[in-house]
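J.: Pasted the sequence and its predicted model underneath.
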Amino acid sequence: MIDYQRVLSEITAHCSSSDQKGMIASYIPELANVSIDKLAMHLIDSDKNTYAAGDATETFSIQSISKVLTLAQAFGILGSDIWKRVGVEPSGDPFNHLSLLEQENGIPRNPLINAGAIVVADILVSHLENPKQDFLNFVRTLTGDSNIHVDSAVARSEERTGFRNYATANLLKSFGNLQNDVATVLDFYFHQCAISMSCAQLTKAFYPFMNQGKCLKDRTHLTQTQTKRVNSIMLTCGFYDEAGEFAFEVGLPGKSGVGGGIVALLPGKYCVATWSPGLNAKGNSKLGMEALEKLTTKTGQSIF
Ligand code: GLN
């Protein structure tokens, strides 16, 4: 039996002494208000045991981690028709890159780069009655926790400074791959990214992805096929132009956000979340990646 508690405590003790913590994202001004010293890990195993280290119940902006959850909801609504509007190939480019979208006629490479997530947001805006509230309810149900909220100051902050996202959405619209108004879709997108969650809540939200679609309360939210497909997209596209590095170092499907969070999972075994707000040059949490590399190396458990 692996002593996950000891492993998490050792890793967080090691990481907290690092003097190379990366840089906090400041292109969304509101994100810059967080302390660089925050550090958390939380793990749930398949027997529903939980293990925590550091600030594991403190909430932070989940940002791009939300893209997996919108994808899961939109995939549930559209089924495989969703792949007519967004691809499943890694982009090898930064999350907010534009030129590939122009070259490939407005069909984003995958749903986890910004362009793809904006198309997924458009699908949800078209199909949900009250898009922002219905998506928040989906996240709450998946997590089994009604105490999950949107930080509207973060959403407003990005609304003021998200120039590349406006450019992306306008390009998508020009190619006919956005059905709703640019402003309406981006309002939804900025709000999904501004959801605040803790590492403890994130491991619960992602539990179905490691448990063949069933949440902690044993209710089915995703089919086995949907789980397989979303996990494979996380593995190949979850870290943008560092997806190869994450697979190489960590060996798990996962997703990062510029708030400094990462969620990763080992199908059938555990789901883990880390939070350290300092990012590396590719926009992924520097210590979060290091912590997860240590987790899979120390435990000898990865998908490979
Ligand atoms: N809301 C952020 C953006 O669109 C999300 C980016 C991220 O977390 N990588 O730029």
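T.: Yes, it's here.

J.: now the helices for the stretch 201-304 of the chain?
T.: 207-210, 224-237, 243-249, 286-299 (DSSP state H, counting those that start in this stretch).

J.: winner for burial among the ones you listed?
T.: Compared across the helices of the stretch 201-304 of the chain, helix 207-210 shows the largest average neighbour count, a mean of 26 (mean count of other C-beta atoms under 10 Å). Where C-beta positions appear, they are placed from N, C-alpha and C, glycine not excepted.

J.: quick one: contacts for the residue lying closest to Gly92 once chain neighbours are set aside?
T.: For Gly92, ignoring the flanking residues on the chain, the nearest one in space by C-beta to C-beta, 6 or more residues apart in numbering is Asp241 at 5.4 Å. Listed by C-beta atoms under 8 Å, 6 or more residues apart in numbering, the contact set of Asp241 reads Ser91, Gly92, Asp93, Pro94, Lys282.

J.: For the residues you listed, which entry has the maximal number of neighbours?
T.: Greatest neighbour count in the contacts of Asp241, by other C-beta atoms under 10 Å, goes to Ser91: 23 neighbours.

J.: Surely it and Phe239 touch.
T.: No. Between Ser91 and Phe239 there is no contact under C-beta atoms under 8 Å: 11.0 Å.

J.: contacting residues for Pro267?
T.: Going by C-beta under 8 Å, 6+ apart, Pro267 touches Met210, Gln212, Asn231, Ile303.

J.: can we see that at 6 Å?
T.: Met210 (C-beta atoms under 6 Å, 6 or more residues apart in numbering).

J.: ok, now how distant is it from the ligand?
T.: Computed as C-beta to the nearest ligand atom, to the nearest Å, the Pro267 to the ligand distance reads 24 Å.

J.: How about the backbone phi and psi for that residue?
T.: When quoted as degrees, to the nearest 10, the phi and psi of Pro267 stand at phi -50, psi 130.

J.: For it, report the pLDDT, please.
T.: With respect to pLDDT, Pro267 scores 97.

J.: go on, Asn231?
T.: 98.

J.: from what I can see it touches Pro253, true?
T.: Yes. Taking contacts as C-beta atoms under 6 Å, Asn231 lies within contact range of Pro253: 4.5 Å.
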